[in-house]
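[1] Just to be clear, the model below is a prediction. Sequence and coordinates:
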Amino acid sequence: MKQFSLFVISLLFFSITLHAQDTTTTNLPYAEIPDYPETYTAGSVAARLIDGLGFRYYWATEGLRDEDLQYKPSEKGRRCEETIDHIYDLSRVIVNATTKTINDPTIEQPEMNYAEKRKKTLENFKKASNILLKSNDLTDFKVVFKGKEKNTEFPFWNNINGPIADAIWHTGQVVLLRRASGNPFNSKVSVLTGKVRS
């Protein structure tokens, strides 16, 4: 009976451990790209662009080790983790435009570890995509930066060629940096289909 109880406790612990690991990875958006919309609208195209970014970012940052995060190509280069920090900041600008929130540099951001930052970045992309998907008119989704005397405002066009394109650019850098540090991008990931080949 004692051995049976020990077996049940061990099994329960193993199950809880697996569940904890599962919730840290599978509950994140963009392990696969969502199904594409049935119609082309300004909002659905913009949302799909962010979905492509989210999928690339998910797999560029999946399975990074501490040595990958600390890697930098030269003394003057940016560490991989610093590039990921920058992508997180860009994700905030992207989602703030869709939620009509002013980018205020005076608001202190919470301290986050790498896993938390990765999760928040992916959630920001997903939230922005969901809002855009339901929108036909993007003129209200301005990028607004708080200034000392007055705010600086840009149309959504600048979100596309600015933060969104920049986040795609830097996600590619993460792929390059992880390859250089000996932990290459998963070769089974297809950015064309938005799925992982079996």
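    Nice, thanks for sending it over.
[2] only C-alpha atoms for contact and neighbour calcs from this point on.
    Noted.
[3] Can you tell me, leaving aside adjacent residues, what's nearest to residue 196?
    Counting by C-alpha to C-alpha, 6 or more residues apart in numbering, residue 196 lies nearest to residue 189, which is 4.4 Å off, once chain neighbours are set aside.
[4] Next up, the contacts around that neighbour.
    Going by C-alpha atoms under 8 Å, 6 or more residues apart in numbering, residue 189 touches 59, 195-197.
[5] Repeat the analysis, applying 7 Å as the threshold.
    Residues near residue 189 by C-alpha atoms under 7 Å, 6 or more residues apart in numbering: 195-197.
[6] which residue is nearest the centroid of this protein?
    residue 122 (3.1 Å; C-alpha atoms, centre = their mean).
[7] Pull up the gap between residue 103 and residue 153, please.
    According to C-alpha to C-alpha, to the nearest Å, residue 103 and residue 153 sit 10 Å apart.
[8] Those two: which is more packed in?
    residue 103 (19 against 13; other C-alpha atoms under 10 Å).
[9] Return the set of residues that bridge with the closest residue to that one other than its chain neighbours.
    In space, and not counting its chain neighbours, residue 103 is closest to residue 145: 4.7 Å by C-alpha to C-alpha, 6+ apart. Residues in a beta bridge with residue 145, per DSSP bridges, are residue 103, residue 152.
[10] Now do the residue nearest to residue 196, the pLDDT please.
    At residue 189 the predicted local distance difference test score is 96.
[11] Pull up the gap between it and residue 101, please.
    Separation of residue 189 from residue 101 (C-alpha to C-alpha): 34 Å.
[12] How about residue 56?
    25 Å.
[13] So if I had to pick from the two, which one is more boxed in?
    Each of residue 56 and residue 101 has its neighbours counted (other C-alpha under 10 Å); residue 56 has more, 24 against 16.
[14] Can you point out the helix or strand that includes the more buried one?
    Element membership of residue 56 [criterion: DSSP states H and E] is helix 42-61.
[15] from the chain's centre, how far out does that helix sit?
    Counting by C-alpha atoms, centre = their mean, to the nearest Å, helix 42-61 is centred 9 Å from the centre of its parent chain.
[16] average pLDDT across it?
    Here helix 42-61 scores 98 as its mean pLDDT.
[17] For the chain, give me the ranges with low pLDDT.
    1-26 (pLDDT under 70).
[18] That one: strands as residue ranges?
    With DSSP state E, the ranges of strands along the chain come out as 143-145, 152-154, 189-190, 195-196.
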